[in-house]
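Asks: Okay, sequence plus prediction incoming.
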Amino acid sequence: MWAWRAGIRVCVGPAGLSVVCRLSVCPSVSLSLCLSVVMAESGSQRRYHFIIFGASGFTGRFVLEEAARCAGEAREELRWAAAGRSRARLETALSQAAEALGKPELKTEVDIIVADVDDPESLAAMCKQAVIVLNCVGPYRFYGEPVVKACVENGAHCVDISGEPQFLESMQLNYDSQAAEKGVYIVGSCGFDSIPADMGVLYTRDQFKGTLTAVESFLTASMGPEGGCIHDGTWQSAVYGLADSDKLRSLRKKFGHKPLPVVGARIKRRGALFYSDEIQQYAVPFMGADPSVVKRTQRFLSEEHQETPVQYGAYAGVGGVSSVIKLLFAGLMFLVLVKFSFGRKLLIKFPEFFSFGFFSKEGPTRKQMEGSSFRFAFYGEGYTEGQDPSQGKPDTKIRTLVQGPEAGYVATPIAMVQAAITILNEPDSLPKKGGVYTPGAAFAKTTLIDRLNKHGIQFSVL
């Protein structure tokens, strides 16, 4: 963290490492300079601002490309590296990124680090070299914890793009206090799950003139003439997540949380399938991590900052009658098969068949991604300034929108990289102590939304 004291700037980096930068040397001390001094004087030899772990995976390759774009935009040098199990695959990923971006220098300028989740020493060596690790290796329930553990123990911040509530909440339960002691920030779900939803609720609250008490969000996705699909890594996370739903309920009991107070009128829960007048199509409750992530953020803001918690309901549009029939058939098969080991094996082996082509082992093509986009419409209600939320029904409403490019492999890399850059550049705006955080808890006081607006994920009031 940064602090100003009588003409000097004090930098406290990961694991509490500190150094004094005197303003007489440079009246505008840069982040890069102070981090360099911290790295050198601490003896920790952190060579990189961030390392992308899993950079040769399907999503990791697109995060790698986005990092290269942002490094090119930066006014100061961003030092970064690509990490993963296979040097050959990482070299291939860098070559592909160089060709896609027209940046042949990537093949020689970006360092490669070989690290494996099954090799703790390699993870430790990687984390010791990074200020932040961008973890793209999933499913996180199988491969995420060793990375979090290595980051906490070796003083590196970590962001991931997990949409798996069981992993996210277990990391908070098991590593929050250790991360706080080390001054390390572990921020989960920094991709499409769940930055648009979590930051969208906060944006709606900040734009509301009065006390916002409830928000519903409606997600819709559009595809171009080439169609679209999602890589089966997300499908695998959904299969294992639903199969372990009982374990998630058991995990949540260990926190011992009291129910969040309900301020204003209690939000009305919709049915399992309904026609939404808001988006003019059929909709279902959103099955991803957004509801749990938003609730964790609201709990943090309520308990740590005494802010009014916002009730939240999340829904996703599924289209017309033909889409509903497909959804019901696929959903029924999924719910039956996921209960049994052989059924899960079938679901994992044939994602395209069981999802009617919505998930595939190949993932979307670049043309499909170029033609796809998402829209999150937020409908909020609350009480105007001066009105008592404990008296009567909400008396005013607000509608906001978060929209952006293809969700999984364009918007997700944008969100992840901007989250990392925000940690690098705005340490004073993060929570006062390290820990395991949601995006909203970590970035509520930062300019992350402004950064996203500049990079194609747009927040607006309607």
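Replies: Looks like it arrived, so ask away.
Asks: any idea of the pLDDT on Val19?
Replies: Note for Val19: predicted pLDDT of 39.
Asks: Next: the one 5 residues further on.
Replies: For Ser24, the model assigns a pLDDT of 31.
Asks: Start the count at 681 instead of 1 going forward.
Replies: Noted, 681 is the first residue going forward, which turns the last one into Ser704.
Asks: Show me where this protein dips below the pLDDT cut-off.
Replies: For the chain, the stretches with pLDDT under 70 are 681-725, 755.
Asks: Residues contacting stretch 1102-1115, please?
Replies: The contact list for stretch 1102-1115 (Cβ atoms under 8 Å, 6 or more residues apart in numbering) reads 681-683, 711, 715, 729-730, 811-812, 837, 839, 856-857, 859-867, 984, 1117, 1121-1123, 1125-1128, 1131. (Each C-beta comes from the backbone N, C-alpha and C, glycine too.)
Asks: now with 7 Å?
Replies: Residues from elsewhere that reach stretch 1102-1115 (Cβ atoms under 7 Å, 6 or more residues apart in numbering): 681-682, 711, 729, 811-812, 837, 856, 859-860, 862-865, 1117, 1121-1123, 1125-1128, 1131.
Asks: Drop anything exposed from those.
Replies: 681, 711, 729, 811-812, 837, 856, 859-860, 862-865, 1117, 1121-1123, 1126, 1128, 1131 (16 or more other Cβ atoms under 10 Å).
Asks: Among those residues, name the ones in helices.
Replies: Among these, the members falling in helices (DSSP state H) are 711, 856, 859-860, 862, 1121-1123, 1128, 1131.
Asks: Just send those residues back as a markdown table, with distance to Ser1070 too.
Replies: Compiled in a markdown table, these are given as follows (distance: Cβ to Cβ, whole Å):
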| residue | distance to Ser1070 |
| --- | --- |
| Leu711 | 45 |
| Asp856 | 32 |
| Ala859 | 37 |
| Ala860 | 34 |
| Lys862 | 41 |
| Ala1121 | 26 |
| Ala1122 | 31 |
| Phe1123 | 30 |
| Leu1128 | 32 |
| Arg1131 | 37 |
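Asks: what's the spacing between Gly868 and Cys831?
Replies: 12 Å (Cβ to Cβ, to the nearest Å).
Asks: between those two, which one's more packed in?
Replies: Neighbour totals were compared for Gly868 and Cys831, and Gly868 leads with 32 against 29 (other Cβ atoms under 10 Å).
Asks: next one: phi and psi at that one?
Replies: Dihedral angles of Gly868 (phi, psi; degrees, to the nearest 10) stand at phi -90, psi 170.
Asks: what are the ranges of the helices in the stretch 681-830 of the chain?
Replies: Shown for the stretch 681-830 of the chain, the helices assigned by DSSP state H, counting those that start in this stretch span residues 711-722, 738-753, 767-781, 786-789, 800-807, 820-823, 825-833.
Asks: cool, and the stretch 1031-1142 of the chain?
Replies: For the stretch 1031-1142 of the chain, applying DSSP H, counting those that start in this stretch gives helices covering 1031-1034, 1046-1050, 1092-1105, 1119-1123, 1128-1134.
Asks: how about these in TSV, adding distance to Cys807?
Replies: Formatted as TSV, those follow (distance: least, Cβ to Cβ, whole Å):
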stretch	distance to Cys807
helix 1031-1034	32
helix 1046-1050	31
helix 1092-1105	14
helix 1119-1123	19
helix 1128-1134	24
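Asks: For Ser1003, which of those is the nearest?
Replies: Proximity to Ser1003 (Cβ to Cβ) singles out helix 1031-1034 among these, at 16.1 Å.
Asks: My understanding was that Glu1061 contacts Lys1077; is that so?
Replies: Yes: with contacts counted by Cβ atoms under 7 Å, Glu1061 reaches Lys1077, the gap being 4.8 Å.
Asks: between those two, which one's more packed in?
Replies: Using other Cβ under 10 Å, the more surrounded residue of Glu1061 and Lys1077 is Glu1061, with 20 against 12.
Asks: That one pairs with what?
Replies: Ala894, Lys1077 (DSSP bridges).
Asks: Thr988: neighbour count?
Replies: Thr988, neighbours per other Cβ under 10 Å, totals 17.
Asks: The one 4 residues further on now?
Replies: Using other Cβ under 10 Å, Tyr992 has 23 neighbouring residues.
Asks: what do you get for the one 10 residues further on?
Replies: A total of 8 residues lie near Ser1002 under the criterion other Cβ under 10 Å.
Asks: Secondary structure element holding it?
Replies: Using DSSP states H and E, Ser1002 sits within helix 1001-1017.
Asks: Next, the buried residues of that helix.
Replies: 1004, 1006-1007, 1013-1014, 1017.
Asks: How about Phe1034, nearest residue that isn't a chain neighbour?
Replies: Leu1027 (5.5 Å; Cβ to Cβ, 6 or more residues apart in numbering).
Asks: got the CA positions of the helix holding Ser1002 in CSV?
Replies: What follows is helix 1001-1017, C-alpha atoms only, in CSV (Å, rounded to 0.1, in the frame of the first residue of the first chain):
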residue,chain,number,x,y,z
VAL,A,1001,-40.7,-21.3,-27.2
SER,A,1002,-38.3,-23.5,-29.2
SER,A,1003,-35.4,-22.5,-27.0
VAL,A,1004,-37.5,-23.3,-23.9
ILE,A,1005,-38.2,-26.8,-25.2
LYS,A,1006,-34.5,-27.5,-25.8
LEU,A,1007,-33.6,-26.1,-22.4
LEU,A,1008,-36.2,-28.3,-20.6
PHE,A,1009,-35.0,-31.4,-22.4
ALA,A,1010,-31.3,-30.7,-21.9
GLY,A,1011,-31.9,-29.6,-18.3
LEU,A,1012,-33.8,-32.8,-17.5
MET,A,1013,-31.0,-35.0,-18.9
PHE,A,1014,-28.4,-33.0,-17.1
LEU,A,1015,-30.1,-33.2,-13.7
VAL,A,1016,-30.6,-37.0,-14.0
LEU,A,1017,-27.1,-37.8,-15.3
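Asks: after it, next one along is what?
Replies: By DSSP H and E, the next helix or strand past helix 1001-1017 is helix 1021-1029.
Asks: list the buried ones in that next one?
Replies: Quick answer for helix 1021-1029 (16+ other Cβ under 10 Å): 1023-1024, 1026-1027.
Asks: where exactly do the helices run in the stretch 831-980 of the chain?
Replies: For the stretch 831-980 of the chain, helices defined by DSSP H, counting those that start in this stretch occupy the ranges 845-862, 875-887, 912-923, 925-933, 970-985.
Asks: rewinding a little: most widely separated two among the buried residues of helix 1021-1029?
Replies: Arg1024 and Leu1026 (7.3 Å).
Asks: State the separation between stretch 1043-1059 and the centre of the chain it belongs to.
Replies: Once both centres are worked out by Cα atoms, centre = their mean, to the nearest Å, stretch 1043-1059 turns out to sit 17 Å from its chain's centre.
Asks: can you tell me the distance between the two ends of that stretch?
Replies: Stretch 1043-1059 has an end-to-end distance of 32 Å (criterion: Cα to Cα, to the nearest Å).
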